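Generate coordinates for the sequence data below:
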Amino acid sequence: MLTLNLPNKITLFRIFMVPLLIVFLISPSKLSCILAAMVFALAAATDWLDGHLARVTNQVTILGKLLDPIADKLLVLSALVPLVELDRVAAWIVVVILGREFAVSGLRMIASSQGIHIAAGQLGKYKMFAEILAIFTLILDFVPLFNFIGQTGILVAMGLSVISGVGYFAQFWGQVDPDKILWV
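Presented below is the predicted three-dimensional model:
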């Protein structure tokens, strides 16, 4: 039987908050936007909390290393897609961010198949912070200042996505044996 430690339970909590976020986000009222922002903020806070607890209590697990990036991607992308529909963020920006996430995940899987772990870099952490700030303010974009912060933040997040993605590719090619990758 699989038992979950507290950090992994917190990560799962973040995943289970995604449907609630979407329900509030697609509802057409200011109250729903405020509730969506609160759910998003709480879920985003768990991203820091689960990792912090895992490190300080020495409870870092393989399951946690797998679930945490999945939870992050689900949270961010589940907010960005409805924000495109609500015309609060340009679709091409979301496509760039989404493409980077798929590319980096693919690289990490290939590296993992060779026993190599490509850890999240500092730029990736800045990217995640910019995404969280941008999404939070875009959810509450009925406040004019928040709209400006959100639009600026999402451009910064996209730029950091591209730059950190290039960093992952460089790290990947520096560590992975190209002869062991199956090219079709």
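
alpha carbons only for contacts and neighbour counts from here, please
OK.

Please enumerate the helices of this protein.
Under the criterion DSSP state H, helices of the chain are mapped to 6-25, 30-56, 62-85, 91-113, 122-139, 144-175.

okay, those helices, which one's buried deepest?
Most buried of the helices of the chain by mean neighbour count (mean count of other Cα atoms under 10 Å) is helix 122-139; its value is a mean of 21.

Work out the gap between that one and the centre of the chain.
How far helix 122-139 lies from its chain's middle: 8 Å, per Cα atoms, centre = their mean, to the nearest Å.

which helices and strands sit right next to it?
Judged by 3 or more Cα pairs under 8 Å, 6 or more residues apart in numbering; DSSP states H and E, helix 122-139 is in contact with helix 30-56, helix 62-85, helix 144-175.

could you check the angle helix 62-85 makes with that helix?
40 degrees (axes from the mean of the first three to the mean of the last three Cα atoms, to 10 degrees).

going forward can the numbers begin at 8, since that is how I track them
New numbering, starting at 8: the last item is helix 129-146.

For helix 129-146, give the mean pLDDT please.
Mean per-residue pLDDT for helix 129-146: 95.

Please save the CA atoms from it in PDB.
Provided in PDB are the C-alpha atoms of helix 129-146 (Å, rounded to 0.1, in the frame of the first residue of the first chain):
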ATOM      1  CA  GLN A 129      17.000  29.300 -11.000                       C
ATOM      2  CA  LEU A 130      15.500  30.800 -14.200                       C
ATOM      3  CA  GLY A 131      12.800  28.200 -14.100                       C
ATOM      4  CA  LYS A 132      11.900  29.300 -10.600                       C
ATOM      5  CA  TYR A 133      11.800  33.000 -11.700                       C
ATOM      6  CA  LYS A 134       9.600  31.900 -14.600                       C
ATOM      7  CA  MET A 135       7.200  30.200 -12.300                       C
ATOM      8  CA  PHE A 136       7.000  33.200 -10.000                       C
ATOM      9  CA  ALA A 137       6.400  35.500 -13.100                       C
ATOM     10  CA  GLU A 138       3.600  33.100 -14.300                       C
ATOM     11  CA  ILE A 139       2.000  33.100 -10.900                       C
ATOM     12  CA  LEU A 140       2.000  36.800 -10.500                       C
ATOM     13  CA  ALA A 141       0.800  37.300 -14.100                       C
ATOM     14  CA  ILE A 142      -2.000  34.800 -13.800                       C
ATOM     15  CA  PHE A 143      -3.200  36.100 -10.400                       C
ATOM     16  CA  THR A 144      -3.400  39.600 -11.700                       C
ATOM     17  CA  LEU A 145      -5.000  38.600 -15.000                       C
ATOM     18  CA  ILE A 146      -7.700  36.700 -13.100                       C
END
